[in-house]
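Chemist: just to be clear, the model below is a prediction. Sequence and coordinates:
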There are 2 protein chains.
Amino acid sequence: MRITKYSDYALRILIFLEAQPKGRLTTIAELSEIYAVSSNHIRVIVHKLGKLGYIKNIQGKGGGIMLAHDANDISIGDVIRNTENDFHIVECFNPDTATVCPIAKACKLKGVLHKAMQAFLDTLDEYTLADLTTNKTSILKQLDFKKLPTHTRH
Amino acid sequence: MRITKYSDYALRILIFLEAQPKGRLTTIAELSEIYAVSSNHIRVIVHKLGKLGYIKNIQGKGGGIMLAHDANDISIGDVIRNTENDFHIVECFNPDTATVCPIAKACKLKGVLHKAMQAFLDTLDEYTLADLTTNKTSILKQLDFKKLPTHTRH
């Protein structure tokens, strides 16, 4: 059982952004270096997080990325809902393959798995990005933040 | 977000076994035909379900597979726990990669995802195989059961 790497890194990026000193912007290059993931991969996720309204990109010299909202207003359940491609936990959840299984129409498993998935998301709805980053100092310490390149502060 | 095909088919096999007329045995060949999955794949899952004690294999002429327990005693949560390879929902749940993420030691996401996964499994624990098969007649009707080959009854 997994969530996608996409959602995983989306959450890591949001956590990093919130943990930074107030006003500090970051860049795709920095996120790529920190999480050891290709800048292309980070760029795709950052673009999506921008489209979803979670982050904003300050253009121009000294520009960079920052959260677009207070961390208290970013629900972890919503982030997962928005970044997972789908919640087709088994084949019959996917409209394209919903009737492939010969017992699909009579099967009660789908309803039970749907309820379980809802319980998973309901639990995540109890938390915001702020709840995940009450220990900003520890997070920055883990990153050995002083070694990171000095970057623009706004 | 997915559970493995392995768990999916394990559940489908258990549902099929419970839905059958009392005393009727089935075979790997029949399960392979019904679910349109290779008999090798079904054999692996049936073997595992046997090792886990969910089903028993009646050897010899006219032999076949049947449930080893009353469907009321087979928890859906337990089946998923036993058939999923792991619950490494993100990288840091896997002991082999637990420290790859640079913020792993300070990150609170792992605890939150663990709680959400527990809520998922807790929901499945509320259901047994019997709850999924209260409509045996409908399940067999879906399978056009009369067209299936007559098989040994014990």
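Modeler: Thanks, I have it.

Chemist: check contacts around A:Leu140.
Modeler: Neighbouring residues of A:Leu140 by Cβ atoms under 8 Å, 6 or more residues apart in numbering or on different chains: A:Ala19, A:Gln20, A:Pro21. Where C-beta positions appear, they are placed from N, C-alpha and C, glycine not excepted.

Chemist: so A:Thr99 sits right up against A:Ala106, yeah?
Modeler: No: between A:Thr99 and A:Ala106 there is no contact, the gap being 11.8 Å when judged by Cβ atoms under 8 Å.

Chemist: which one of those two has more residues nearby?
Modeler: A:Ala106 (18 against 11; other Cβ atoms under 10 Å in any protein chain shown).

Chemist: how far away from the center of its chain is the lowest-mean-pLDDT helix or strand in chain A?
Modeler: Lowest on mean pLDDT, DSSP states H and E among the helices and strands of chain A sits helix A:136-142, with a mean of 86. Chain-centre distance of helix A:136-142: 19 Å, with Cα atoms, centre = their mean, to the nearest Å.

Chemist: then stretch A:36-51?
Modeler: 11 Å.

Chemist: same question for stretch A:29-38.
Modeler: The mean C-alpha position of stretch A:29-38 is separated from the chain mean by 15 Å, Cα atoms, centre = their mean.

Chemist: wait, does whatever helix or strand A:Val46 lives in contact chain B?
Modeler: Using DSSP states H and E, A:Val46 falls within helix A:39-51. No: judged by Cβ under 8 Å from any Cβ of the partner chain, helix A:39-51 stays clear of chain B, getting no closer than 14.0 Å.

Chemist: thinking again about what came up before, most neighbours among the contacts of A:Leu140, please name it.
Modeler: Top of the contacts of A:Leu140 by neighbour count (other Cβ under 10 Å): A:Ala19, with 24 neighbours.

Chemist: ok, back up a step: specify which member of the contacts of A:Leu140 is nearest to B:Tyr9.
Modeler: The shortest approach to B:Tyr9 among the contacts of A:Leu140 belongs to A:Ala19, at 42.4 Å (Cβ to Cβ).

Chemist: do I have it right that the closest one meets A:Lys141?
Modeler: No: if you go by Cβ under 8 Å, A:Ala19 and A:Lys141 don't touch, sitting 10.1 Å apart.

Chemist: what sits in contact with each of the two?
Modeler: Counting by Cβ under 8 Å, 6+ apart, nothing touches both A:Ala19 and A:Lys141.

Chemist: pull the longest helix from chain A.
Modeler: helix A:109-125 (DSSP state H).

Chemist: helix or strand next in line after it, which one?
Modeler: helix A:129-132.

Chemist: low-scoring stretches of chain A, by residue?
Modeler: Along chain A, the model assigns pLDDT under 70 to residues A:145-154.

Chemist: helix or strand: which one has the nearest residue to A:Ser39 once chain neighbours are set aside?
Modeler: Spatial nearest neighbour of A:Ser39, chain neighbours left out: A:Ser32 (4.1 Å); criterion: Cβ to Cβ, 6 or more residues apart in numbering or on different chains. For A:Ser32, the host element (DSSP H and E) is helix A:28-35.
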